[in-house]
Each structure stands twice: as structure tokens, then as C-alpha cells.
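**Q** Quick one: sequence plus predicted model below, questions after.
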Amino acid sequence: GTSCPVIEAVRGSDFCVLVTEPTPFGLNDLALAVEMLRTLKIPFGVIINRSELGDNKVDEFCRQEKVPILMQIPFKKEIAVAYSKGIPLIEGFPEYREKFKTLYYKIKELVK
């Protein structure tokens, strides 16, 4: 959401990572957050969680609005099971360690 507490939480940030999912509610909240961050002049990027769920409207929105998609995390039962057991993504799926390093460097470049 984009309520007053959210605005106060992001005010003064160097960068915001918006995490959404490809659902109508996710797209709606993403559009509101993008508008808020642009108004506040805070740079941002998007991570699409459960990316294989739903349709491509979030991807289309990001393309049209020139919003960088930083990472996509697929909708996989194995990930959900590990998460439900409290296993961090990079421990349960070591291939994500490199993906999160890449995410870090993408953000670092966007903050420059």
C-alpha cells in the first residue's frame, strides 16, 4: 500500500525495492507504489515473486512505465515448502545466492 506510514518509511531512502506478484491486486498496489515513489523522487526497481503465476500484466506495466525488473522468483512448490519450514531461499536453493549478488549489483548501479 501507499498509506502515510509507508510514505514515512521510504522518505529519505536511497532506493526502494518493490516486491509484487503477477495478480490484479499485485499490479494495482505496484502502480500505486510507483506513483508514490516517483512523486517522492526515490529510485526503485521491482522483484516479481511467484512470477509464473497469473499473467504478464505486471511485466507489461513495468515495460510501459520503464520500471526496472530486478529479479523474478518463480512460483515453485519446492520454494514454498522450504519457506514454510523457515529455510531461507539461498540455503534451500544455492543457485539463488548468485542471483541475489546480481540483484545487489543491479541496485548499486541504479543508485549511482
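**A** Sure, I can see it. Numbering: from 1, shown residues only.

**Q** can you pull the pLDDT of the residue in the chain sticking out farthest from the centre?
**A** With C-alpha atoms, centre = their mean as the measure, the chain has its most outlying C-alpha, relative to the mean C-alpha position, at K85: 22.4 Å. According to the model's per-residue confidence, K85 sits at a pLDDT of 95.

**Q** Tell me how far it lies from R97.
**A** With the distance defined as C-beta to C-beta, to the nearest Å, K85 ends up 18 Å from R97. Where you see a C-beta, it was placed from the backbone N, CA and C, and this is true even at glycine.

**Q** go on, G26?
**A** In terms of C-beta to C-beta, G26 sits 26 Å off from R97.

**Q** before we move on, what about P74?
**A** In this view, P74 and R97 are 16 Å apart by C-beta to C-beta.

**Q** How are the helices of this protein distributed by residue range?
**A** For the chain, helices defined by DSSP state H occupy the ranges 4-10, 24-40, 57-64, 77-84, 89-92, 95-111.

**Q** if we compare those helices, which one ends up closest to V46?
**A** With C-beta to C-beta, the closest approach to V46 among the helices of the chain belongs to helix 57-64: 5.8 Å.

**Q** Look at T20 and say how many residues are nearby.
**A** 24 (other C-beta atoms under 10 Å).

**Q** Verify the stated contact: it with G26.
**A** Yes - the pair formed by T20 and G26 meets the contact definition of C-beta atoms under 8 Å, at 4.3 Å.

**Q** Residues that sit against both of those two, list them.
**A** Both T20 and G26 are contacted by V58, under the criterion C-beta atoms under 8 Å, 6 or more residues apart in numbering.
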